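Novice: Quick one: sequence and predicted model below, then my questions.
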Amino acid sequence: MAHPALEKSRVHRRLNRIVGKLEGITFRDLYETYPTFDIQVETEKALLAQHDLVIFQHPFYWYSGPALLKQWQDLVLEHGWAYGTNGTALKGKYLMNAISTGGPYNAYQLDGHHQHTLQQFLLPFEQTAKLCNMIYLPPFAVTGAHRMTDAEIDVYATQYKQLLEYLQNSPFDLNTVKKLDTLNHLLKTLPQAK
Ligand SMILES: Cc1cc2nc3c(=O)[nH]c(=O)nc-3n(C[C@H](O)[C@H](O)[C@H](O)COP(=O)(O)O)c2cc1C
């Protein structure tokens, strides 16, 4: 989880409360752990090795992630470890983004305000995953955060919890999942992204 101003956050503070309590999930607050951007690469690599699914949970900043998340990728995803010849440490693991956006879901369409879909903006993450021989999943997205009430954000937080439990416990068909715009659509019984 990377959020440079968690004290002002409405979305991620709520998501964090949920993730922090779930069994089998390691919650890691990058800005709290590395306030001076001095990322401990070996610690991060050891943690990655222990997990099957890596989630980059962050607010969408300038159509991407906050700076520390980029620093984390630049330092931790080393050649010869994450990619390149003999770089197979992450092979077969899953990667996804869990993002919040100020803009509403319909602004992230080809004919919408931002003129591209969320998946298109997330392409550098997707291709990074592919280069590392990881399987990239569609994002979980809390969209339209600016106009959402706290109660509406709480609905997304519950949805996030259900999604994480689903990914942990239920075998899913990758071909079906990969076709989804967002993982919010995975569980039909849950409210869809706005
Ligand atoms: C520096 C900065 C850049 C942002 N860039 C975007 C953006 O590109 N697209 C968007 O929809 N919202 C953007 N936003 C809005 C945030 O994504 C939004 O406030 C955040 O996801 C809400 O989550 P929070 O309550 O946990 O902070 C930006 C906000 C900041 C501060």
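Specialist: Sure, I can see it. Numbering: from 1, shown residues only.

Novice: Going by C-alpha atoms from here, please, whenever you check contacts or count neighbours.
Specialist: OK.

Novice: Now do the same contact list for the residue lying closest to H51 once chain neighbours are set aside.
Specialist: Of all residues not flanking H51 in the chain, K93 sits nearest, at 7.8 Å (Cα to Cα, 6 or more residues apart in numbering). By Cα atoms under 8 Å, 6 or more residues apart in numbering, the residues touching K93 are H51, D52, L53, V54, N133, M134, I135.

Novice: again, 6 Å this time
Specialist: D52, L53, M134 (Cα atoms under 6 Å, 6 or more residues apart in numbering).

Novice: Would you mind measuring the gap between the ends of stretch 114-121?
Specialist: Stretch 114-121 has an end-to-end distance of 10 Å (Cα to Cα, to the nearest Å).

Novice: Just give me the longest helix of this protein.
Specialist: Assignment by DSSP state H gives helix 150-169 as the longest helix of the chain.

Novice: for that one, the distance to its chain's centre please.
Specialist: 13 Å (Cα atoms, centre = their mean, to the nearest Å).

Novice: For the closest residue to W81 other than its chain neighbours, which three-state class applies?
Specialist: Closest residue in space to W81, ignoring its immediate chain neighbours: G87 at 3.9 Å, by Cα to Cα, 6+ apart. Following DSSP: H, G, I helix; E, B strand; the rest coil, the label given to G87 is coil.

Novice: quick revisit: would you mind putting the contacts of K93 into a markdown table with secondary structure, pLDDT and distance to the ligand alongside?
Specialist: Output for the contacts of K93, formatted as a markdown table (DSSP: H, G, I helix; E, B strand; the rest coil; pLDDT from 0 to 100; distance: Cα to the nearest ligand atom, whole Å):
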| residue | secondary structure | pLDDT | distance to the ligand |
| --- | --- | --- | --- |
| D52 | coil | 96 | 25 |
| L53 | strand | 97 | 22 |
| M134 | coil | 98 | 25 |
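
Novice: out of these, who has the most neighbours?
Specialist: M134 (25 neighbours; other Cα atoms under 10 Å).

Novice: Sweet, I'm off.
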